[in-house]
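K.L.:
test case, fold it:
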Amino acid sequence: MASVYTVGQVNTYIKQMFSQDFMLANICVKGEISNCTYHSSGHIYFTLKDKTGVIAAVMFKGNRGGLNFTLEEGQKVLVTGSVNVFERDGKYQLYAREISLEGAGLLYQRFEQLKTELEEMGLFDAMYKKPIPKYSLKIGICTAKTGAAIQDIINITKRRNPYVQLYLYSSLVQGAEAAVDIVNGIRYLDCMNLDVIIVGRGGGSIEDLWAFNEEIVAKAIFDCNTPVISAVGHEVDTTIADFVADMRAPTPSAAAELAVFDYNEYLINISHYHQILLSEMKKNIDRKRDKTKYYEARLNVFHPSNQLQSKKQYTDDLYTRLQEVFGNLLRDRKHSLAIYSEKLNGLSPLHRISKGFAYVTDDMGKPLNTVEQVNENEHISMIVRDGQIKAKIDTITKGGYHGREENH
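P.N.:
As a prediction, this is how the structure comes out:
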């Protein structure tokens, strides 16, 4: 009777056979990704298939360090690893150590690697982007002379602005020599003192557009002193040149729209700005005129003639006030004088003489107020109301005549 083995023993034996096979220990398998699952443990489980069959595969978390892209359904890949048996299920599977994209996928991987390198070098940094002139008159174009791209650019330029000059450097845009030719075109146009350069071509596969993903093209665009617009492929296509260029246009036609200013719109803007300028000039002139009138008014206020007139008026006012003050003062003084005059008149000898009294003096004209001042036989003089009387003293009598003057 044949020996009897357990399931586990059979699976272990098969696993050992797989392990001893040198080819299965280090094998590279190409196929299409299917049923891909990123497990919470960090492992990746997927199926590798082609038209003839399928094989289960797994990449453990520890081997994911070299995987620089995300596995997706339908990707064509090259998987390097070993084939062995998972004893518990009794199934063999591919244990992946490295995974790379095949064909176009490989190009995409190279694209991502170069993009990362150039970005780390700073070639994509916004600080190095040069502004695209708003009114470019001389535009360089680096593309194939027979492609649809140049025809689109020419047609749009004629429609938008027939006065813009286009300078074409006919270069290869596809194939092994295309990258070098594009670099030569960029450098040639950069020496022509142009306003802007358009670099690009029409759409195509990633292989067709690959020249614009080359490092030498990227560095040529970065080193270009003239602003560069990248216009490669269709809107969904993206190349390294797009990241390095000063501006990316989704298509060559869009690049022409960006580079060539619309002449009719320019004329409309000029007319609009002309009206704005006239309006602002008028407003400014009106403001200056009003300000001039204000300063003129202030100048008139401080003009010598006006100042003189003002001072003259002020002097007249002072003179009038002075006249009033002096007039009032003079009237007061006249009134006081009249009062004093009446008082003085009342005390005047002449006033008393007019009342019937006489003014008596000696022969020297000295007033006589007492009998002690004269002697008998002396001459005296008496002034009365209507003349003067000369007399000689006959008799002198003292006393007894006080108060008689009031009764005379």
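
K.L.:
quick one: buried residues of the strand or helix carrying residue 109?
P.N.:
Using DSSP states H and E, residue 109 falls within helix 104-121. Going by neighbour count (16 or more other CB atoms under 10 Å), the buried part of helix 104-121 is 105, 107, 109, 111, 115, 118. Any C-beta I mention is one placed from the backbone N, CA and C, and that applies to glycine too.

K.L.:
can you list contacts of it?
P.N.:
Helix 104-121 has contacts (CB atoms under 8 Å, 6 or more residues apart in numbering) with 68-69, 75-77, 100-101, 124, 205-207, 210, 213, 215, 218, 240, 243-244.

K.L.:
which of those are buried?
P.N.:
Applying 16+ other CB under 10 Å to the contacts of helix 104-121, the neighbour count classes 75, 77, 100-101, 124, 206, 210, 213, 218, 240, 243-244 as buried.

K.L.:
can you show me the strands along the stretch 1-150 of the chain?
P.N.:
Along the stretch 1-150 of the chain, counting by DSSP state E, counting those that start in this stretch, strands occupy 27-38, 44-49, 54-59, 76-86, 91-101, 138-143.

K.L.:
Serialize those to a markdown table and add fields for distance to residue 8 and mean pLDDT.
P.N.:
Output for the strands of the stretch 1-150 of the chain, formatted as a markdown table (distance: least, CB to CB, whole Å; pLDDT from 0 to 100):
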| stretch | distance to residue 8 | mean pLDDT |
| --- | --- | --- |
| strand 27-38 | 26 | 90 |
| strand 44-49 | 23 | 92 |
| strand 54-59 | 20 | 92 |
| strand 76-86 | 11 | 87 |
| strand 91-101 | 14 | 88 |
| strand 138-143 | 68 | 97 |
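
K.L.:
pretty sure residue 211 contacts residue 179?
P.N.:
Yes - between residue 211 and residue 179 there is a contact at 4.6 Å, judged by CB atoms under 8 Å.

K.L.:
which of those two has more neighbours?
P.N.:
residue 211 (26 against 22; other CB atoms under 10 Å).

K.L.:
that one belongs to a strand?
P.N.:
No - under DSSP: H, G, I helix; E, B strand; the rest coil, residue 211 falls outside any strand and is assigned helix.

K.L.:
residues contacting the closest residue in space to it that isn't next to it in sequence?
P.N.:
Spatial nearest neighbour of residue 211, excluding adjacent residues (CB to CB, 6 or more residues apart in numbering): residue 178 at 3.6 Å. Contact analysis of residue 178 by CB under 8 Å, 6+ apart lists 171-172, 211.

K.L.:
nearest to residue 314, of these?
P.N.:
Distance to residue 314 across those (CB to CB) is lowest for residue 171, with 91.8 Å.

K.L.:
return the residues in contact with the closest one.
P.N.:
Residues in contact with residue 171, defined by CB under 8 Å, 6+ apart, are 142-144, 178, 181-182, 184-185.

K.L.:
filter these down to just the ones in helices.
P.N.:
Those of the contacts of residue 171 mapping onto helices are 178, 181-182, 184-185, per DSSP state H.

K.L.:
joint contacts of residue 211 and residue 179?
P.N.:
Residues touching both residue 211 and residue 179 (CB under 8 Å, 6+ apart) are residue 217.

K.L.:
that older thread, return the member of the contacts of residue 178 nearest to residue 353.
P.N.:
Closest to residue 353, out of all of the contacts of residue 178 and judged by CB to CB, is residue 171, at 147.5 Å.

K.L.:
could you check how far the closest one is from residue 141?
P.N.:
10 Å (CB to CB, to the nearest Å).

K.L.:
same question for residue 375.
P.N.:
Residue 375 is 156 Å from residue 141, by CB to CB.

K.L.:
of those two, which one has the most company?
P.N.:
Taking other CB under 10 Å, residue 375 and residue 141 do not tie; residue 141 has more neighbours (30 against 9).

K.L.:
many thanks, have a good one.
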